[in-house]
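Trainee: I would like the atomic coordinates for the input below:
(2 chains)
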Amino acid sequence: EVQLVESGGGLVKPGGSVRLSCAASGFTFSDYGMNWVRQAPGMGLEWVSFISTSSLHIYYADSVEGRFTVSRDNAKNSLYLQMNSLRADDTAVYYCARDFPSGIHDFWGQGTLVTVSS
Amino acid sequence: DIQMTQSPSSLSASVGDRVSITCRASQSITRHLNWYQQKPGKAPKLLIYAASSLQSGVPSRFSGSGSGTDFTLTISSLQPEDFATYYCQQSYSTLYSFGQGTKLEI
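Mentor: This is a model prediction of the structure:
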């Protein structure tokens, strides 16, 4: 059974940093690209970032470019999102999602909430 | 960037109804269009990919159509568990944008 479990969320001050993790199991992690998608409270889905299988191709939404860094460790079956210079509008539930491939998100984690507030 | 626009933003319907949700892309995305269902407090679930391919395990009352810029998600006979929010998403460009969502209410 495919499982994606996010962790690392919490309360962070504006300008602060946090690192999210996504632990994958039930499939060969190194065979799949991965995505981060976020959802602000009461709002819709916003794609955040994609990383390819070997980390060769990485893309970001304009709203996070230069502040967020996605990475992965295939040996640990883990995906990461380093979030720096956080702002109030980064407050959201952050989901990791497997790439089917080509942008189709076929499995999602349960999400982790990041709240940016003083 | 490709903008995705869904209509309507909300929709009231009854069990057994046939409903359709429309998604329009700001430029042609050929058939790179996916549909997701999200229930409150839950992660989104993939329903339809590549405009009309049904994801494994998804009931056949869900169907998708369209190409280019205009797409439709149809639910042929609403069931109680179908009341949720639906999102379209383009996967033509690597900035994988979503529509704003359509809330389907009883």
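Trainee: what about the strands in the chain?
Mentor: Chain wasn't specified; assuming chain A. A:3-7, A:10-12, A:18-25, A:34-39, A:45-51, A:58-60, A:68-73, A:78-83, A:92-99, A:105-108, A:112-116 (DSSP state E).
Trainee: that was the other one, I meant chain B.
Mentor: Under DSSP E, chain B gives strands at B:4-7, B:10-12, B:19-25, B:33-38, B:45-49, B:53-54, B:62-67, B:70-75, B:85-90, B:102-105.
Trainee: could I get the ones you listed as TSV with distance to A:Val37?
Mentor: Yep, even glycine has a C-beta here, placed from its N, CA and C like the rest. As requested, the strands of chain B are exported to TSV (distance: least, CB to CB, whole Å):
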stretch	distance to A:Val37
strand B:4-7	14
strand B:10-12	22
strand B:19-25	17
strand B:33-38	10
strand B:45-49	12
strand B:53-54	20
strand B:62-67	20
strand B:70-75	19
strand B:85-90	9
strand B:102-105	18
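Trainee: quick one: closest of those to A:Ser30.
Mentor: strand B:45-49 (21.5 Å; CB to CB).
Trainee: what number of residues lie near whatever residue of chain A ends up closest to chain B?
Mentor: Closest residue of chain A to chain B, CB to the nearest CB: A:Gly103 (2.7 Å). Per other CB atoms under 10 Å in any protein chain shown, the neighbour tally for A:Gly103 reads 23.
Trainee: how about the contacts made by the nearest residue to it once chain neighbours are set aside?
Mentor: Counting by CB to CB, 6 or more residues apart in numbering or on different chains, B:Ser91 is the residue found nearest to A:Gly103 once chain neighbours are left out, at 2.7 Å. By CB atoms under 8 Å, 6 or more residues apart in numbering or on different chains, the contact set of B:Ser91 is A:102-104, B:29, B:32-34.
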